[in-house]
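1. Got a sequence here, can you model it:
(4 chains)
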There are 4 protein chains.
Amino acid sequence: MGRVACSALRHQHSVCYAGGLARTAVPSEDIFDSLASLIAAQHPDVLLDLTTHPSSVSISMDALERGVRPVIGATGWTNGECDALSAAARERHLGAMLVPNFSIGATLMMRFAAEAARFFPSAEIIEMHHDQKKDAPSGTARLTAEKIERTGGPAAVPIHSVRMTGLLAHHEILFGGEGELLTIRHDSLSRTSFVAGMLASVQAVMRVEGLVIGLDAALPPAGDHG
Amino acid sequence: MGRVACSALRHQHSVCYAGGLARTAVPSEDIFDSLASLIAAQHPDVLLDLTTHPSSVSISMDALERGVRPVIGATGWTNGECDALSAAARERHLGAMLVPNFSIGATLMMRFAAEAARFFPSAEIIEMHHDQKKDAPSGTARLTAEKIERTGGPAAVPIHSVRMTGLLAHHEILFGGEGELLTIRHDSLSRTSFVAGMLASVQAVMRVEGLVIGLDAALPPAGDHG
Amino acid sequence: MGRVACSALRHQHSVCYAGGLARTAVPSEDIFDSLASLIAAQHPDVLLDLTTHPSSVSISMDALERGVRPVIGATGWTNGECDALSAAARERHLGAMLVPNFSIGATLMMRFAAEAARFFPSAEIIEMHHDQKKDAPSGTARLTAEKIERTGGPAAVPIHSVRMTGLLAHHEILFGGEGELLTIRHDSLSRTSFVAGMLASVQAVMRVEGLVIGLDAALPPAGDHG
Amino acid sequence: MGRVACSALRHQHSVCYAGGLARTAVPSEDIFDSLASLIAAQHPDVLLDLTTHPSSVSISMDALERGVRPVIGATGWTNGECDALSAAARERHLGAMLVPNFSIGATLMMRFAAEAARFFPSAEIIEMHHDQKKDAPSGTARLTAEKIERTGGPAAVPIHSVRMTGLLAHHEILFGGEGELLTIRHDSLSRTSFVAGMLASVQAVMRVEGLVIGLDAALPPAGDHG
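-> Residues are numbered from 1 along each chain as shown, chains lettered A, B, ... in the order given. A predicted model of the protein is given here:
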């Protein structure tokens, strides 16, 4: 994931790639072996942290203390860790983002599902993944069901999990009303789908103060729906 | 359509059915043969006008002049007619709504499509209808394409029209991004799907002043997307 | 169902409608109140029996004894009843058909699923119905799963049942193989879908001897697949 | 493609990998630089030829002359070339197969479409591919339309081509009848999907004499549809 991100961000015109951080790599012109040396050499605005929890906690706090805004791709952060990061960010008047899922499509799917839930009496979720996936239902399906249930519309949204050779990662949310159906579907077909969401997050973290959770906040809703 | 609407609205708790207007029917306790007699007898707040253009123009203006807010289901109103209705409504501090499509599902589909268009480079529309449908592409498909194109995102959205025995009315909007797809689909399976949108419009017209066009305005967007 | 069938078969050129049988109706030129009087007056080749089990058992046996081939739309026949009907039909060198589901589309779906099952390692079924449907999974889904499992290919085919306002009757069979998916889907949108299968059965029963079970036998497979 | 095939076939228990042929590679224990040396060393039963037309013509004829059955993955063979290969195969009492598409899923989709076409009055095809695909409609869509039209059922099958970032290779065949729809869909998500079809072809060519065209012949239809 780190390699895909580096190679993609390096070629974006809307951000300036400052360098990579890798413990195991041989240091080179733009690969550093410590955050301190990277920051000293490049003075970046943002650190995109793709390590996992709990490593990501100390790395992000370290970045904030050195004046660099962290965008964190990990899952598993506790409420306490989030609160501490948020406080540290506010103290320095800097932004921080925790983004468990960088897919723009999945994020919009969840946003639309939460909105549709206010107008439809019933909803069900079908999530389909390759048979190597260990957990069921998927985290995205569970999170979507929660968002739907929280609207006070459809209650206890059933989730159907399909696990099959040949599948990649697919989510389908069905909403049923009198005489009509509304379906929102997301197909994730390649890891490259995460790059656009990383880019949006890296840009959004410059505009906020304190901790923001989720990619949704980096995707401004339309001013009007005309 | 008028009959489906009457029979459905009559049984709703959130509105009070004042009576119907029908030129050809034998007048009865709650069926009147003129707007004047209906208004005199029942003093309704709202007139749901399901006639077609141009009849709907004079009926709506007449209603407004008598202090009744029109909700109009017709298509084909000219800009000039809309402006005149809007002026008449504002003058009396009343609301008026022109709703070419009462389907909540189709309205949300268009709203979501316009929002997704801001984050995806490409979009195509597949609309599928029974083989008795005369026009192609459907009005909903053309309107959706316009909304997408207006965002400045995907340009010149192709529309594919499938016409086949057995189909009812189906729209599918595909959005493609690097490594992912987002699909929004609406299936209209029965005329009863229009009742919920009529009800939402009848209630929304009480809260506005001047002319509002489209069901979208009657479906308040979520306060937050959390 | 009987009324839909009568009105549809009456207008088919490929069969000659002999008359209807209805206990409650007033007898008329082509509606009879007993099988005996219908047969005496019209000498039909085939009786399309749309009563339910167990009425359909005596009606069909009665028809066969009078030299008329029964096409039976009921479910719930026991093996013993089937055997007795088969023996009675063979004795008279006549055909008889028992067709629990007259939908050509659903029948082809099951045929294709059984064939695909021989080439794919995994399969799952998603069946979606209106929320008034009492049983889950649907009989068609269970029968399809059995046909797939009987091929010795995918074992223990999972069935997911979606029940929702707005849905009609939909079945989707997913087959997954290395790097590819094959999906077979059937949507039943109106009762009129049963007419074509009734017609095919009425014609097929003329060509067989003894009892044939299922619409599949009335739909001859292609001579070649070129 | 050649590399994927080699690496996959090498690990199959149902065939014995004899060696590869590559003009540019350094010869090694199981990579040969000429057909003659490969055959002399390994005496294979079958040559899987993944070169393109016209190279594949001489390679296949050469293989046949040396007593090795060719399975050819190329498109573009003329009728004359096919006839010559067929004659050469028959003369030596050997099989030969020309397989323009090794996908089992796509082959079954076409088989099922040809069969469904005999029972449905109307059909349309939607094919969806990534935006790098040069031609439209896809060869598979055109071939499927031909097979449907040849049944004498639905005439002039419309093909809709969707080209979009994020798509891989998808075909959907819709059949519409009175009150029902039957949909057959194939999603090709990875090149590895071709391996199973190659294996089936390599085994099938041992059982035939003369030239067989298409993977369909290597996938025996079910004995019964029960």
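
2. Which stretches in chain A count as helices?
-> A:2-9, A:35-42, A:55-65, A:79-91, A:104-116, A:139-150, A:194-204 (DSSP state H).

3. Mean neighbour count, distance to chain D and mean pLDDT for these - can I get that in TSV?
-> The way it works is simple: take the backbone N, C-alpha and C, and place the C-beta from them, glycine included. Below are the helices of chain A laid out as TSV (neighbours: other C-beta atoms under 10 Å in any protein chain shown; distance: least, C-beta to the nearest C-beta, whole Å; pLDDT from 0 to 100):
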stretch	mean neighbour count	distance to chain D	mean pLDDT
helix A:2-9	16	15	82
helix A:35-42	16	32	92
helix A:55-65	18	29	95
helix A:79-91	15	33	97
helix A:104-116	25	9	97
helix A:139-150	19	18	95
helix A:194-204	22	11	94
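
4. Nearest to chain B among those helices would be which one?
-> Of all those, helix A:104-116 sits nearest to chain B, with 4.3 Å by C-beta to the nearest C-beta.

5. separation between the nearest residue to residue A:44 once chain neighbours are set aside and residue A:35?
-> Among residues not flanking residue A:44 along the chain, residue A:18 sits closest, at 3.9 Å (C-beta to C-beta, 6 or more residues apart in numbering or on different chains). Distance of residue A:18 to residue A:35, given as C-beta to C-beta, to the nearest Å: 12 Å.

6. Residue B:215 is nearest to which of the helices of chain A?
-> Among the helices of chain A, the nearest to residue B:215 by C-beta to C-beta is helix A:104-116 (14.0 Å).

7. Figure out how far the closest one is from the centre of its chain.
-> Mean-position distance between helix A:104-116 and its chain equals 13 Å (C-alpha atoms, centre = their mean, to the nearest Å).

8. Just the CA trace of it, in PDB.
-> Coordinates of each C-alpha in helix A:104-116 appear next as PDB, following Å, rounded to 0.1, in the frame of the first residue of the first chain:
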ATOM      1  CA  ILE A 104     -14.100   7.800  -2.500                       C
ATOM      2  CA  GLY A 105     -16.700   5.400  -4.000                       C
ATOM      3  CA  ALA A 106     -17.300   3.600  -0.700                       C
ATOM      4  CA  THR A 107     -17.500   6.800   1.200                       C
ATOM      5  CA  LEU A 108     -20.100   8.300  -1.200                       C
ATOM      6  CA  MET A 109     -22.000   5.000  -1.000                       C
ATOM      7  CA  MET A 110     -22.300   5.300   2.800                       C
ATOM      8  CA  ARG A 111     -23.200   9.000   2.500                       C
ATOM      9  CA  PHE A 112     -26.000   8.300   0.000                       C
ATOM     10  CA  ALA A 113     -27.200   5.300   2.000                       C
ATOM     11  CA  ALA A 114     -27.500   7.500   5.100                       C
ATOM     12  CA  GLU A 115     -29.500  10.000   3.100                       C
ATOM     13  CA  ALA A 116     -31.700   7.500   1.300                       C
END
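
9. hmm, that helix in reach of chain C?
-> No. Helix A:104-116 lies out of reach of chain C by C-beta under 8 Å from any C-beta of the partner chain, never closer than 12.5 Å.

10. That helix and chain B in contact?
-> Yes. Among the residues of helix A:104-116, A:104, A:105, A:106, A:108, A:109, A:111, A:112, A:114, A:115, A:116 lie within reach of chain B under C-beta under 8 Å from any C-beta.

11. near chain C, which residues of chain A show up?
-> A:121-124, A:126, A:128, A:131, A:158, A:160, A:162, A:164-167, A:174, A:176-181.

12. Buried only: go through those residues for me.
-> A:121-124, A:126, A:128, A:158, A:160, A:162, A:164-167, A:174, A:176-181 (16 or more other C-beta atoms under 10 Å in any protein chain shown).

13. Sitting in strands, which of the residues you listed do you find?
-> A:122, A:123, A:124, A:126, A:128, A:160, A:162, A:174, A:176, A:177, A:180, A:181 (DSSP state E).

14. any idea which of those residues is closest to residue A:213?
-> residue A:123 (23.6 Å).

15. Let me know the pLDDT of the closest one.
-> According to the predicted model, the pLDDT of residue A:123 comes to 98.

16. same check, this time on residue A:103
-> pLDDT, residue A:103: 95.

17. Touching, it and residue A:198? I think so.
-> No. Using C-beta atoms under 8 Å, residue A:103 makes no contact with residue A:198, being 10.2 Å away.

18. so what's the residue located most distally from the centre of chain A up against?
-> The C-alpha centroid of chain A is most remote from residue A:179, which lies 35.4 Å away (C-alpha atoms, centre = their mean). Contacts of residue A:179 were listed using C-beta atoms under 8 Å, 6 or more residues apart in numbering or on different chains, and they are B:188, B:189, B:190, B:191, B:192, B:193, B:194, C:166.

19. Quick one: buried ones out of those residues?
-> B:188, B:189, B:192, B:193, B:194, C:166.

20. Return the residues in contact with the fifth one.
-> With contact taken as C-beta under 8 Å, 6+ apart, residue B:194 is in contact with A:179, B:1, B:4, B:5, B:102, B:103.

21. if I pick residue A:115, what's in contact with it?
-> Here residue A:115 is in contact with B:108, B:111, B:112, B:221, B:222, B:225 (C-beta under 8 Å, 6+ apart).

22. Retrieve the pLDDT associated with the fourth one.
-> Model confidence at residue B:221, expressed as pLDDT, equals 77.

23. measure it to chain D for me?
-> Residue B:221 is 27 Å from chain D, where distance means C-beta to the nearest C-beta, to the nearest Å.

24. distance of residue A:140 from residue A:110?
-> 7 Å.

25. do the same with residue A:78
-> From residue A:78 to residue A:110 the distance is 22 Å (C-beta to C-beta).

26. now residue A:74
-> The value you get for residue A:74 to residue A:110, if C-beta to C-beta is used, is 19 Å.

27. What of residue A:182?
-> In terms of C-beta to C-beta, residue A:182 sits 15 Å off from residue A:110.

28. go on, residue A:210?
-> Taken as C-beta to C-beta, the span from residue A:210 to residue A:110 is 22 Å.
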